[in-house]
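Peer 1: Quick one: sequence and predicted model below, then my questions.
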Amino acid sequence: MKDSDYAVFIEVVESGSFSKAAERLGYTAAGVSYIISELEREIGLPLFNRNHNGVHLNSHGIDFLPEIRLVHEANLLLESKIRSRKEGRTLNIHIGAIDSVASEWLPDAIAEFLEKHPDVRIDVMTGNPYELNDWMENGTIHFMVSEETWVNKNFHLIPIKEDPFFVVLPSGTETKGLTTAELLEGREVMTPFYGGDRTAEVILRRMGIDFDQTYDRVSNIALVKMIARGRGVGILPGLHVQEARIDSLEERFRPEIAKLNPPLSRSIICALRMENNKNKFLIELAECVKRSAAKNNKLEEMI
């Protein structure tokens, strides 16, 4: 399979149409259809459902999408590195981060860093904590921002911020005076799917709370909207709740938020490979992330 085939696959997924994907890529619709058919033939499974409403991933396609994105992004990074060397750039930093950090903290951190170092090239990849560890170990990224619990302790770790956990409940739920156990009684716990995120499970077992858990491969904003409309509850870190912009949601989509009792938090850290623990650019970038995390802390005013 060629990387260009993966690029076509991802474009079809994002556009929902062979013709739209063809227009964006400069192919013919027949050419895009042929590439997807050949990809399906090589994998040995259909990846899309095709009907008059367009093309949409089937269960096989949904399962393969994260890995195809990963391979495609890795190839883009390799091409970027080759291009930067040919253009004479002396420094190219590849950052890996969990989605919420990339959304809430990295934009300001990178902008601050580039104001001082405009000649540095920065590329960003997002992934779950397991992917980030793999990318760091195999050299795909130089620097990552993730949850400390899941980070390889052989890396050089730089503390960034403590991120408290909250209980996210259906709109209108009475929370005053109730313990976390009482709030969760008889409810299913929803968890965003991050390649097997066990955060809620670890927290609730630590608190001695029995629960049923379901995993959804959805964004944080989709998750809180589902919860608000009555589909279970969530145990989410504050950064995820902030990313969902709950204060701007329609009233019917605005969940109730309660702090865990007793309170718990996760540690967000920057990590470098040990051989880079004295790299002044990476250390400075970590400080930029730390300042951005302190500045972009809007959850209290949202809830």
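Peer 2: Okay, I see it.
Peer 1: Contacts only, for residue 256.
Peer 2: 168, 169, 170, 171, 172, 173, 175 (CB atoms under 8 Å, 6 or more residues apart in numbering). Just so you know, the C-beta spots here come from the backbone N, C-alpha and C atoms, and that holds for glycine as well.
Peer 1: possible to save those as TSV with secondary structure and pLDDT?
Peer 2: TSV is the format used below for the contacts of residue 256 (DSSP: H, G, I helix; E, B strand; the rest coil; pLDDT from 0 to 100):
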residue	secondary structure	pLDDT
168	strand	87
169	strand	86
170	coil	87
171	coil	86
172	coil	79
173	coil	80
175	coil	80
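Peer 1: Which among these count as buried?
Peer 2: Taking 16 or more other CB atoms under 10 Å as the criterion, what is buried in the contacts of residue 256 is 168, 169, 170, 171, 173.
Peer 1: Isn't the second one up against residue 180?
Peer 2: No - using CB atoms under 8 Å, residue 169 is not in contact with residue 180, being 10.6 Å away.
Peer 1: Common neighbours of those two, please.
Peer 2: residue 258.
Peer 1: Regarding the chain, what is its longest helix?
Peer 2: helix 59-86 (DSSP state H).
Peer 1: now the one helix or strand residue 291 maps to: how far from the chain's centre is it?
Peer 2: Using DSSP states H and E, residue 291 sits in helix 280-295. Distance of helix 280-295 from the chain centroid (CA atoms, centre = their mean, to the nearest Å) equals 20 Å.
Peer 1: Okay, buried residues for it please.
Peer 2: By 16+ other CB under 10 Å, the buried positions in helix 280-295 come out as 281, 282, 283, 285, 286, 288, 289, 290, 292, 293.
Peer 1: Could you measure from the fifth one over to residue 268?
Peer 2: Distance check for residue 286 against residue 268: by CB to CB, to the nearest Å, it reads 11 Å.
Peer 1: Mutual contacts of these two, please.
Peer 2: Contacts common to residue 286 and residue 268, judged by CB under 8 Å, 6+ apart, are residue 160.
Peer 1: now the stretch 101-250 of the chain, which segments are flagged as low pLDDT?
Peer 2: 192-201, 210-213, 215-216 (pLDDT under 70).
Peer 1: hey, where'd the strands end up in it?
Peer 2: Secondary structure of the stretch 101-250 of the chain (DSSP state E, counting those that start in this stretch): strands at 121-126, 143-147, 156-169, 188-192, 212-216, 233-237.
Peer 1: Contact partners for the residue positioned nearest the centre of the chain?
Peer 2: Nearest to the centroid of the C-alpha atoms of the chain, with distances taken as CA atoms, centre = their mean, sits residue 99, at 2.7 Å. Taking CB under 8 Å, 6+ apart, we find residue 99 in contact with 126, 220, 243.
Peer 1: Burial check on the first one, number of neighbours?
Peer 2: It refers to residue 126. 18 (other CB atoms under 10 Å).
Peer 1: Look up how far residue 100 lies from it.
Peer 2: Distance from residue 126 to residue 100, by CB to CB: 9 Å.
Peer 1: and what of the second one?
Peer 2: As for residue 220, its distance to residue 100 is 7 Å (criterion: CB to CB).
Peer 1: so what's in contact with those two at the same time?
Peer 2: Contacts common to residue 220 and residue 100, judged by CB under 8 Å, 6+ apart, are 240, 243.
Peer 1: Was I right to think residue 10 contacts residue 70?
Peer 2: No - contact between residue 10 and residue 70 fails when scored by CB under 8 Å: they sit 11.1 Å apart.
Peer 1: list the contacts for residue 67?
Peer 2: Applying CB under 8 Å, 6+ apart, no residues contact residue 67.
Peer 1: Tell me which of the buried residues of helix 280-295 has the lowest pLDDT.
Peer 2: Ranked by pLDDT, the buried residues of helix 280-295 bottom out at residue 281 (88).
Peer 1: That one contacts residue 95, doesn't it?
Peer 2: No - between residue 281 and residue 95 there is no contact, the gap being 11.6 Å when judged by CB under 8 Å.
Peer 1: looking at the sheet around the closest residue to residue 172 other than its chain neighbours, what are its partners?
Peer 2: Nearest-residue entry for residue 172: residue 256, 7.1 Å, with adjacent residues in sequence omitted and distances by CB to CB, 6 or more residues apart in numbering. Going by DSSP bridges, residue 256 is paired in beta bridges with residue 169.
Peer 1: and residue 256, how far is that from residue 265?
Peer 2: 20 Å.
Peer 1: on that earlier part again, now tabulate the strands of the stretch 101-250 of the chain in JSON lines and tack on distance to residue 3.
Peer 2: Below are those laid out as JSON lines (distance: least, CB to CB, whole Å):
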{"stretch": "strand 121-126", "distance to residue 3": "15"}
{"stretch": "strand 143-147", "distance to residue 3": "23"}
{"stretch": "strand 156-169", "distance to residue 3": "32"}
{"stretch": "strand 188-192", "distance to residue 3": "28"}
{"stretch": "strand 212-216", "distance to residue 3": "29"}
{"stretch": "strand 233-237", "distance to residue 3": "34"}
